[in-house]
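S.K.: kindly return the folded structure for what I paste below:
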Amino acid sequence: MIKLGTTFTKTYVVMTPEGNHLQDFEAYRIERVNKNIDTGLSECEYQRQSGRTTKMIIGAIEHLINNPSDNVAIFVYKKNMQKIIRTKLEHYLSQYCWAPNIFTVSKRVFFTVDEKDLKDIDIHLTLIDNCISDIERKDWIKRLEK
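M.R.: Now for the predicted structure:
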């Protein structure tokens, strides 16, 4: 489990892109799922906007800072998700790193929709954006309904 804002050498106060303190992931997820249930937002089994991608991003950052020679692969469903995740990654990196280090850390994150893109890269941590599992689950449910 990720200890929010913590690397081997320092603990950080982490802010969201909206300027709020980043909450504990599990507490935020529970709060958001309950809100989704109350409002009837059943998409992704009520997990929509529950912090799953942010948790993945923070995990990648903390891994890269704690392991300076490692590379991280993030599988995305579509190429446009790469831009969204990269923007969030850079936002959170700016809070963890000195400005010159942001580029050196972010260049060790590789986005892909196909593992063939990573064939010549030594990957130490592989992460899968929740959108992939959400799409697979949605397709699985559709097949069951037939």
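
S.K.: ok, the closest residue to residue 71 other than its chain neighbours - contacts?
M.R.: Leaving out its chain neighbours, the residue that sits closest to residue 71 by CB to CB, 6 or more residues apart in numbering is residue 108, at 4.8 Å. Yep, even glycine has a C-beta here, placed from its N, CA and C like the rest. Counting by CB atoms under 8 Å, 6 or more residues apart in numbering, residue 108 makes contact with 64, 70, 71, 72.

S.K.: the last one pairs with what?
M.R.: It refers to residue 72. Taking DSSP bridges, one finds residue 109, residue 125 as the beta-bridge partners of residue 72.

S.K.: check the contacts of residue 108 and tell me the two furthest apart.
M.R.: Pairwise distances among the contacts of residue 108 were taken by CB to CB; the largest, 8.2 Å, belongs to 64 and 71.

S.K.: more neighbours: these two, which one.
M.R.: Each of residue 64 and residue 71 has its neighbours counted (other CB atoms under 10 Å); residue 64 has more, 25 against 18.

S.K.: now the nearest residue to that one once chain neighbours are set aside, what's its secondary structure?
M.R.: Spatially, and ignoring its direct neighbours in sequence, residue 64 is nearest to residue 105 (5.1 Å; CB to CB, 6+ apart). At residue 105, secondary structure determined by DSSP: H, G, I helix; E, B strand; the rest coil is helix.

S.K.: next, the buried residues of the longest helix along the chain.
M.R.: Looking across the chain with DSSP state H, the single longest helix is helix 79-96. Neighbour counts using 16 or more other CB atoms under 10 Å place 81, 82, 85, 86, 88, 89, 92, 93, 96 of helix 79-96 among the buried residues.

S.K.: measure the third one to residue 20 for me?
M.R.: Spelled out, it's residue 85. Distance of residue 85 to residue 20, computed by CB to CB, to the nearest Å: 19 Å.

S.K.: the fourth one now?
M.R.: According to CB to CB, residue 86 stands 21 Å off from residue 20.

S.K.: now the first one
M.R.: Between residue 81 and residue 20 the computed distance is 23 Å (CB to CB).

S.K.: what of the fifth one?
M.R.: Distance, residue 88 to residue 20, using CB to CB: 14 Å.

S.K.: what is the neighbour count of the residue nearest to residue 124 when sequence neighbours are not counted?
M.R.: Distance criterion CB to CB, 6+ apart; nearest residue to residue 124, sequence neighbours excluded, is residue 70 at 3.8 Å. Other residues near residue 70 come to 15 when the count uses other CB under 10 Å.
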